[in-house]
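Q: Model the structure of this input:
(chains A and B)
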Amino acid sequence: MSNTKPSIPKGMRDFTSEVMFRRNYIFETVKSAFECYGYAPIETPAMENVKTLTGKYGDEGDRLIFKVLNSGDYLSKANLDENTDSKSLTKQIVEKALRFDLTVPFARFVVQNRNDITFPFKRYQMQNVWRADRPQKGRYREFYQCDADVIGTESLICEVELVQLYDDVFTKLNIPNVDICINNRKVLSGMVELMGATDLFDQIVITLDKLDKIGIDKVKEEMESNGVKKEALSILDTFLNTKNVGDLFSLLENSLIGKKGLEELKFVIDNVTKLGLQSANLVFDITLARGLNYYTGCILEVKANDVQIGSIGGGGRYDDLTSNFGLKDVSGVGVSFGIDRIYLVMEELALFPDNIDVSTKVMFANFGDDEAAFCLPLLKQLRAAGISSELYPTSTKMKKQMTYANNKGVQFVIMVGEDEMESGILSIKNMESGEQR
RNA sequence: GUGAUUGUAGCUCAGCUGGUUAGAGCACUGGUUUGUGGUACCGGGGGUCGUGGGUUCGAGUCCCAUCAGUCACCCCA
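A: Below is the predicted model of the structure:
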């Protein structure tokens, strides 16, 4: 057999222990916040049926779904003729796909288990998802999402709580200068309605989302080339120049859906303002749109302003996701934490506490079989007391054992040799100070 | 799908306008110290220079192709 160079697929990663200690620190923080707000854990499988996933994320999203080839002689069951192309072939030889996010599988879960669930249902989920994207900074083909969703209620109190939840987590993680951007898809619908371009909604909204990146002129250019009329663009201008939510009411007076969206927006903002946030800022941003097109109401996106990276979290309300699976009129709302990006932000700003990567507190040096046997009961006692400890497995040179302890960040090394066994008094060395007794 | 950029030891890189046995630091390992790490000193192993072709007396260095990584656009966490 030939030696293959060890490698892993594009956009996927190994995590070393050092990295895992830090990742777990983030996971734990998020998890305890979720539980503190009354969310309960669930998990769903890595793969879903392709049909469950397709059509929920837009055309672009569908292309980025990782599909899993059927097992066995799949080609013999396929129908091949001269019209067969990749797309029609894929349909015949693929029936499973890796999950693309946690929200759609969750909607499926809710419908499938509806008889066992008490509504409103609050769950959290922290699992990996896969996207066949081109990797770059803060963007991988396998990454983790931590989602909290509540489904089965239209109450806007949920939105208010989710904003607080974001604030709680980022405050606990000590990430400064966090903006929680908020908008409402209904407000955008109202605006597009006034522009007389309802059929171009998706296009307009995607273009609008780029405003802070490419500037107003380019946005208008792109919209015009997509068929938006000049008059419509001046309406857009009025909206963009209105910073205050209250002032939008007069603009959207004639749009039923727009007014509804504004009322929702106002409720959330007012209540959050009343309760106050610890460290994050709630920012109304009319240009916030979000690509995933299952959102229907309030939408949220979180940015860490001190680091150049995409959003570190996002979410919103979806009114109709479960109807795809045959359960109508169930509204849900949720948020997602992008923990890989949060990791990068914390790394860049050096926000990780330095005492989170210690595993073994006490190590027994190994001087030989008899000495090792003497240590084992002591080890048992330490462990029973909840002190993480280990015995170096072989009696190699002291230098090597000490180096091992040092690199692993062990705090104390206990020497048990002949003298100690006889006297019963052990030598303990503090690895930090070098002191020994 | 589009564009830019990089590929030399396990890791981070140096290698000038092509010139003989390809270097450093870190890591690993042996010793100074037969029971002591993190600091010191001495030694050792490890590379067909991403791959394939071409130019040349001679290619890590120049040209072409190909593969892989990284970054940006699209889109997104």
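
Q: From residue A:429, how far out is residue A:436?
A: To residue A:429, residue A:436 is 4 Å away according to Cβ to Cβ, to the nearest Å. The way it works is simple: take the backbone N, C-alpha and C, and place the C-beta from them, glycine included.

Q: and what of residue A:355?
A: 20 Å.

Q: and the two? which has more neighbours close in?
A: The residue with more neighbours, out of residue A:355 and residue A:429, is residue A:429; 20 against 7, by other Cβ atoms under 10 Å.

Q: same for the helix or strand hosting that one, what does it pack against?
A: Taking DSSP states H and E as the criterion, residue A:429 maps to strand A:427-430. If contacts are counted by 3 or more Cβ pairs under 8 Å, 6 or more residues apart in numbering; DSSP states H and E, strand A:427-430 sits against strand A:412-415.

Q: How far away from the center of its chain is the strand it packs on?
A: 41 Å (Cα atoms, centre = their mean, to the nearest Å).

Q: what's the helix or strand that it is followed by in contact with?
A: For strand A:412-415, the succeeding helix or strand toward the C-terminus, using DSSP H and E, is helix A:418-423. The contact list for helix A:418-423 (Cβ atoms under 8 Å, 6 or more residues apart in numbering) reads A:367, A:370-371, A:374, A:426-427.

Q: if you set the cut-off to 10 Å instead, what comes out?
A: A:367-368, A:370-371, A:373-375, A:414, A:425-427 (Cβ atoms under 10 Å, 6 or more residues apart in numbering).

Q: can you narrow those residues to ones near RNA strand B?
A: Restricting those to those near RNA strand B by Cβ under 7 Å from any atom of the strand leaves A:367, A:427.

Q: re earlier: residues shared between the contacts of residue A:436 and residue A:429?
A: Contacts common to residue A:436 and residue A:429, judged by Cβ under 10 Å, 6+ apart, are A:412-413, A:415.

Q: In a markdown table: those, plus neighbour count and distance to residue A:193.
A: Shown next, in a markdown table, are these (neighbours: other Cβ atoms under 10 Å; distance: Cβ to Cβ, whole Å):
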| residue | neighbour count | distance to residue A:193 |
| --- | --- | --- |
| A:412 | 18 | 70 |
| A:413 | 22 | 72 |
| A:415 | 17 | 79 |
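
Q: Among these, find me the one that's closest to RNA strand B.
A: residue A:415 (3.0 Å; Cβ to the nearest atom of the strand).

Q: my guess is the closest one contacts residue A:374, does it?
A: No. Taking Cβ atoms under 10 Å as the definition, residue A:415 is not a contact partner of residue A:374, at 11.7 Å.

Q: what do the two both touch?
A: A:364, A:367, A:426.

Q: List just the nearest of those to residue A:406.
A: residue A:364 (15.1 Å; Cβ to Cβ).

Q: and residue A:187, how many neighbours does it have?
A: Counted with other Cβ under 10 Å, residue A:187 comes out at 29.

Q: How about the one 4 residues further on?
A: Residue A:191 is surrounded by 28 other residues when neighbours are defined as other Cβ under 10 Å.

Q: Next one, pLDDT for it please.
A: For residue A:191, the model assigns a pLDDT of 90.

Q: Could you grab the helix/strand/coil label for it?
A: helix (DSSP: H, G, I helix; E, B strand; the rest coil).

Q: which residues sit in contact with it?
A: Counting by Cβ under 10 Å, 6+ apart, residue A:191 touches A:197, A:201, A:204-205, A:208, A:232, A:235-236, A:238-240, A:248, A:251-252, A:255, A:257-258, A:261, A:286.

Q: Residue A:203 reaches residue A:210, doesn't it?
A: No. Between residue A:203 and residue A:210 there is no contact under Cβ under 10 Å: 11.7 Å.

Q: More neighbours: which of these two?
A: residue A:203 (17 against 14).

Q: Would you check how far apart that one and RNA strand B are?
A: 9 Å (Cβ to the nearest atom of the strand, to the nearest Å).

Q: what helix or strand does that residue sit in?
A: Going by DSSP H and E, residue A:203 is part of helix A:201-209.

Q: And residue A:231, what's its pLDDT?
A: With respect to pLDDT, residue A:231 scores 82.

Q: likewise residue A:400?
A: 90.

Q: List the residues that contact it.
A: When contacts are counted by Cβ under 10 Å, 6+ apart, residue A:400 touches A:392, A:394.

Q: Could you do residue A:389 as well?
A: Contacts of residue A:389 (Cβ under 10 Å, 6+ apart): A:360-364, A:375, A:378-383, A:410, A:412, A:414.

Q: Lowest-confidence entry in those residues?
A: residue A:360 (85).

Q: Touching, that one and residue A:406? I think so.
A: No. When contacts are counted by Cβ under 10 Å, residue A:360 is not listed as touching residue A:406 (11.7 Å).

Q: Could you check which of those two is surrounded by more residues?
A: Neighbour count, other Cβ under 10 Å: between residue A:360 and residue A:406, residue A:360 has more, with 16 against 11.

Q: just the helices in the stretch 251-400 of chain A please.
A: With DSSP state H, counting those that start in this stretch, the ranges of helices along the stretch 251-400 of chain A come out as A:256-275, A:339-348, A:369-384, A:398-408.

Q: what separates the first one from the chain centre, distance-wise?
A: Computed by Cα atoms, centre = their mean, the separation of helix A:256-275 from the middle of its chain amounts to 26 Å.

Q: Name the residues of the stretch 251-400 of chain A found near RNA strand B, please.
A: A:290-292, A:301, A:308, A:310-314, A:336, A:338, A:340-341, A:367, A:397-400.

Q: same question, the stretch 51-200 of chain A
A: By Cβ under 7 Å from any atom of the strand, the part of the stretch 51-200 of chain A that sits against RNA strand B consists of A:58, A:60-61, A:64, A:101, A:131, A:133-141, A:143, A:145.

Q: Swap in 6 Å and give it another go.
A: Within the stretch 51-200 of chain A, the residues that sit near RNA strand B (Cβ under 6 Å from any atom of the strand) are A:58, A:60, A:131, A:133-140, A:143.

Q: pLDDT below threshold where in chain A?
A: Where chain A drops to pLDDT under 70, the residues are A:1-5, A:291-292, A:358.

Q: near RNA strand B, from the shared contacts of residue A:436 and residue A:429?
A: residue A:415.

Q: how about the shared contacts of residue A:436 and residue A:429 in a markdown table, adding distance to residue A:45?
A: Compiled in a markdown table, those are given as follows (distance: Cβ to Cβ, whole Å):
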| residue | distance to residue A:45 |
| --- | --- |
| A:412 | 44 |
| A:413 | 45 |
| A:415 | 50 |
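
Q: Tell me the one among the shared contacts of residue A:436 and residue A:429 nearest to residue A:176.
A: Scanning the shared contacts of residue A:436 and residue A:429 for proximity to residue A:176, where the rule is Cβ to Cβ, the winner is residue A:412, at 36.2 Å.
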